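Asker: here's a sequence, model it:
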Amino acid sequence: EAVRLLSRHLPGIHALRNVSVEDFARLQHCLPETPRKRARHVVTDNARVLAAVKAMRDGNLQQIGEAMRLCHESLRDNYEVSSRELDLLAETAWGVPGCYGARLTGAGFGGCVVALVAEVAVDDLITQVSQVYQARFGRPPTVYTCRAADGVRAAYLPGSGW
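Answerer: Model prediction:
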């Protein structure tokens, strides 16, 4: 619905990815509240992702973390897919020194929070998040730690014909 309404003012757009943050800010008044909020998330998150790509290339973990925090807040406030549990996990993580950022991941309405954390802060983050979550919800969270991989690569098995 947002694309249809915005295309009256921005001929040629076919998706929200074609709408700049500036154009959206100028035209958002043309949208009813719910489509406006959903579109605001998509348009601003597209910009955040592009900024995060540059931050990754520049090695700027603080900027990546800030993009994660802003994404979580937008998913909570504009897309409305967060939950009390996810908000508590992300907000607690944000307060841990060495945590660059955290956000919900997956489809929302439950699920997971992913955090970007300095290796030296992982144990502190797990402890603090676990204590706060247990105190609030009466059960411990399940916490997984992982390291970033080198990225996607093609792998060929000998004799597989690939």
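
Asker: ranges for the strands of this structure?
Answerer: Ranges of strands in the chain, per DSSP state E, are 99-105, 112-117.

Asker: buried deepest among these, which one?
Answerer: Per residue and on average, the most neighbours among the strands of the chain fall to strand 99-105, with a mean of 23 (mean count of other Cβ atoms under 10 Å). Glycine gets a C-beta too; all of them are placed from N, C-alpha and C.

Asker: quick one: the spatially most central residue of the chain from Ser7, how far?
Answerer: What sits nearest the mean C-alpha location of the chain, by Cα atoms, centre = their mean, is Cys71, with 4.1 Å. Noted for Cys71: a distance of 26 Å to Ser7, by Cβ to Cβ, to the nearest Å.

Asker: next one: Val53
Answerer: Using Cβ to Cβ, Val53 is found at 27 Å from Ser7.

Asker: please apply the same query to Glu80.
Answerer: Applying Cβ to Cβ, the value for Glu80 to Ser7 is 24 Å.

Asker: same question for Pro35.
Answerer: Counting by Cβ to Cβ, the gap from Pro35 to Ser7 is 13 Å.

Asker: more neighbours: which of these two?
Answerer: Pro35 (17 against 14; other Cβ atoms under 10 Å).

Asker: and the gap between that one and Leu16?
Answerer: Distance of Pro35 to Leu16, computed by Cβ to Cβ: 10 Å.

Asker: go on, Leu75?
Answerer: In terms of Cβ to Cβ, Leu75 sits 15 Å off from Leu16.

Asker: so which of the two has more stuff around it?
Answerer: Neighbours around Leu75 and Leu16, counted as other Cβ under 10 Å, are more numerous at Leu75. The numbers are 21 against 18.

Asker: that one reaches Arg40, doesn't it?
Answerer: No - here Leu75 lies out of contact with Arg40, judged by Cβ atoms under 8 Å, at a distance of 11.3 Å.

Asker: list the contacts for His72?
Answerer: 82, 86, 90, 102-104, 113 (Cβ atoms under 8 Å, 6 or more residues apart in numbering).

Asker: can you check Arg38 too?
Answerer: Counting by Cβ under 8 Å, 6+ apart, Arg38 touches 2, 78-79.

Asker: just Val21 next, same as before
Answerer: Per Cβ under 8 Å, 6+ apart, neighbours of Val21: 43-44, 47.

Asker: got the confidence number for it?
Answerer: Per-residue confidence at Val21 stands at 97 (pLDDT).

Asker: about what we covered before: could you dump the contacts of Val21 into TSV with pLDDT and neighbour count added?
Answerer: What follows is these, written out as TSV (pLDDT from 0 to 100; neighbours: other Cβ atoms under 10 Å):
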residue	pLDDT	neighbour count
Val43	98	25
Thr44	98	17
Ala47	97	15
